[in-house]
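coords please:
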Amino acid sequence: MRKKIVMVISAAVFLSVIAISPRARQPIAAATAKIDQTYEQLRLLVDIMALVRENYVDEKENKDLVTSAIKGMVRDLDPFSQFLEPQEYKDMKTETEGQFGGLGIRISLRDNWLTVVTPIPGTPAYKLGILPGDKIIKIEKESTQGLSINDAVRKLRGAPGTKVTITIAREGEKEPVDYTITRDIIKIESIRHRVLNETYGYIKINEFSASTDKDLKKSLTELQKQNIKYLVLDLRNNPGGLLDVAVDTAKEFLPSDKLVVYTKGRRPHMNREYKTIPNADYFKLPMAVLINRGSASGSEILAGALQDHRRAIIVGDRSFGKASVQSVFPLNEGNALRLTTARYYTPSGKLIHRDEKTGEGGIKPDILVEVSRETEAKLQSQIEEVYPPGKEPESAVKDKDRVEDSALQRAMELLKVADILGK
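Sure thing, here's the model as predicted:
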């Protein structure tokens, strides 16, 4: 019995190695030596598998036991490393295409609970007032404690028009609240822009997608035609997206040959620097950047670069603290391994990624503007637009019910004061 199980594990290790991309094959010899050295520790796993096969109340297949062992090992690394079975791998690739059926939230794991990184503007979850930091403690009345992100995604997604009930625990609220959300096709709108008070250009970047760079250039050109004097870049609730696009965005606002971000990992090929090139058209335009607890990954990289180079005033709340590099290694039988292989650092060397033990990490704003959860939910509703027949889009919230966007107002005031002092 033990010999058969050893063969299964050996085959799994061998197939995983040959499926790794060519770029990652250099350390194979060293890795093989380590596998030989740790054989004695693997014997414990083999012994446990044998005991389960022989004595567990229900019969278990070797393949299922190996898969469970791999998932447990990877799950203990960090919340973002995952062993992906074929359907999970397929779902992950579907999500990167930018359109899918679901609620419209980005989720992560914090303290072993599903946590909302950010709701996506214009989606069902956003319209109902789901906020960054909300903990999803139940899905259809079943606890989510210990539930993997992949399993949660499968439960939350479904055919457009169908409903799912989630239970939210929110900081500052005494009791959890149930939200019944109707699933919809999630289409991510990259950018919105407008002019405020005739002199302030305002650009909201919802996510760094393939179209963001083109949309940003278009928005900036249109705003410049209206003779704006200042720019407010809103990265609140921006969960990130494509790294190259976030870097390209920084290139619009920084002089040439400036470091935007760098990565550091255990392997030399994971250590990279990303710098600007001489194409910045707006590096002298006075600007402020808005961030909050829902700003993550690419938006933290952009905010961190502009902050370190003293290019913009960062206003709002501390960002989420998710800035690690995940590499996807295709494996046999349609499986894949998503593994954290490096972390991002700002130009001055600050680690963006949040330390789960100390809670440190993220981008700290230059000017802290704390907003209550209730106000944040109302601000989300205000941003939503309706389209009256034959008229320009307008806010879905009537003027009498609107609340002040204190972070935006503070950013505008700071830009004006800095301009006056500069003169």
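
Flag the shaky bits of the stretch 251-400 of the chain, pLDDT-wise.
Along the stretch 251-400 of the chain, the model assigns pLDDT under 70 to residues 279-280, 381, 383-398.

Show me the helices in it, by range?
Secondary structure of the stretch 251-400 of the chain (DSSP state H, counting those that start in this stretch): helices located at 298-308, 373-383.

Now render the ones you listed as TSV, adding distance to D419 and mean neighbour count.
For the C-beta atoms, the positions are set from N, CA and C on the backbone; glycine is no exception. Listed next are those as TSV, based on distance: least, CB to CB, whole Å; neighbours: other CB atoms under 10 Å:
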stretch	distance to D419	mean neighbour count
helix 298-308	17	27
helix 373-383	26	18
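
got a markdown table for those, with distance to P278 too?
Putting these into a markdown table (distance: least, CB to CB, whole Å) gives the following:
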| stretch | distance to P278 |
| --- | --- |
| helix 298-308 | 17 |
| helix 373-383 | 35 |
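
Identify whichever of the ones you listed lies nearest to G334.
Smallest distance to G334 across the helices of the stretch 251-400 of the chain (CB to CB): 28.7 Å, for helix 298-308.

For the closest one, name the packing helices and strands.
Applying 3 or more CB pairs under 8 Å, 6 or more residues apart in numbering; DSSP states H and E, we find helix 298-308 packed against helix 243-251, strand 259-265, strand 287-291, strand 313-316.

send the alpha carbons of the last one over as PDB?
Output for strand 313-316, consisting of C-alpha atoms alone and laid out as PDB, is shown next (Å, rounded to 0.1, in the frame of the first residue of the first chain):
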ATOM      1  CA  ILE A 313      -0.500  65.000  -2.600                       C
ATOM      2  CA  ILE A 314      -2.000  61.700  -1.400                       C
ATOM      3  CA  VAL A 315      -5.300  62.200   0.400                       C
ATOM      4  CA  GLY A 316      -7.700  59.800   2.100                       C
END
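
out of the helices of the stretch 251-400 of the chain, which comes closest to A418?
Nearest of those (CB to CB): helix 298-308, 14.3 Å.

Contacts for the longest strand anywhere in the chain next, please.
When the chain is parsed with DSSP state E, its longest strand is strand 336-345. With CB atoms under 8 Å, 6 or more residues apart in numbering as the test, strand 336-345 has contacts from 16, 74, 77-78, 80-84, 89, 92, 261-267, 270-271, 300-301, 323-331, 351-353.

list the contacts for L235?
So L235 contacts I205, V289, L290, I291, S295, S299, L302, A303 (CB under 8 Å, 6+ apart).

Make a markdown table out of those residues and add distance to L114.
Shown next, in a markdown table, are those (distance: CB to CB, whole Å):
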| residue | distance to L114 |
| --- | --- |
| I205 | 25 |
| V289 | 28 |
| L290 | 26 |
| I291 | 23 |
| S295 | 19 |
| S299 | 21 |
| L302 | 26 |
| A303 | 25 |
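
out of those residues, which one sits closest to L147?
S295 (25.1 Å).

Just confirm that closest one contacts A303, I think it does.
Yes - look at S295 against A303 with CB atoms under 8 Å: they come within range, at 6.7 Å.

Report the backbone C-alpha coordinates of stretch 109-120 in CSV.
Once non-C-alpha atoms are left out, stretch 109-120 reads as follows in CSV (Å, rounded to 0.1, in the frame of the first residue of the first chain):
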residue,chain,number,x,y,z
LEU,A,109,-8.7,36.5,2.9
ARG,A,110,-8.0,38.3,6.1
ASP,A,111,-7.9,36.6,9.5
ASN,A,112,-9.3,33.5,7.8
TRP,A,113,-12.5,35.3,6.7
LEU,A,114,-13.6,36.3,3.2
THR,A,115,-13.0,40.1,3.0
VAL,A,116,-14.2,42.6,0.4
VAL,A,117,-11.2,44.3,-1.2
THR,A,118,-13.4,46.6,-3.2
PRO,A,119,-16.8,46.6,-4.9
ILE,A,120,-16.6,47.4,-8.7
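
Please name the spatially closest residue to the spatially most central residue of the chain (chain neighbours excluded).
Among the residues of the chain, the one closest to the centroid is P239, at 4.0 Å (CA atoms, centre = their mean). Leaving aside its chain neighbours, P239 sits nearest to R106 (4.2 Å; criterion: CB to CB, 6 or more residues apart in numbering).

before we move on, what about E85?
Spatial nearest neighbour of E85, excluding adjacent residues (CB to CB, 6+ apart): N335 at 5.8 Å.

give the contact list for T180.
So T180 contacts K163, V164, T165 (CB under 8 Å, 6+ apart).

Tell me if it really is in a helix.
No - checked against DSSP: H, G, I helix; E, B strand; the rest coil, T180 lies outside a helix; its state is strand.

Show me what stretch 204-216 is in contact with.
With contact meaning CB under 8 Å, 6+ apart, stretch 204-216 is reached by 98, 120-121, 188-193, 203, 233-235, 237-243, 245-246, 248-249, 252, 298-299, 383.

Could I have the ChimeraX command that selects the buried members from those residues?
Selection of the buried residues among these in ChimeraX, burial being defined by 16 or more other CB atoms under 10 Å:
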select :120,121,188,190,191,192,193,203,233,234,235,237,238,239,240,241,242,243,245,246,248,249,252,298,299,383
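
Number of residues surrounding the closest residue to T162 other than its chain neighbours?
Once flanking residues are discounted, T162 sits nearest to R183: 5.3 Å by CB to CB, 6+ apart. Using other CB atoms under 10 Å, R183 is surrounded by 22 other residues.

returning to that earlier point: my read is that the residue nearest to E85 contacts Q87, right?
No - counting by CB under 8 Å, N335 does not reach Q87; the two are 10.2 Å apart.

Which one of those two is surrounded by more residues?
Higher neighbour count among N335 and Q87: N335, with 20 against 11, using other CB under 10 Å.

Contact partners for the more buried one?
F83, L84, E85, P86, Y89.

same thing but 7 Å
Going by CB atoms under 7 Å, 6 or more residues apart in numbering, N335 touches L84, E85, P86, Y89.

Repeat that for V325.
Neighbours of V325 in contact, by CB under 7 Å, 6+ apart: T263, G265, M270, T340, T341, A342, R343.

same check, this time on F283
Applying CB under 7 Å, 6+ apart, we find F283 in contact with F253, L254, P255.

Find the nearest non-adjacent residue to the last one, please.
Spelled out, it's P255. Distances taken as CB to CB, 6+ apart put F283 closest to P255, at 5.2 Å, once the chain neighbours are dropped.
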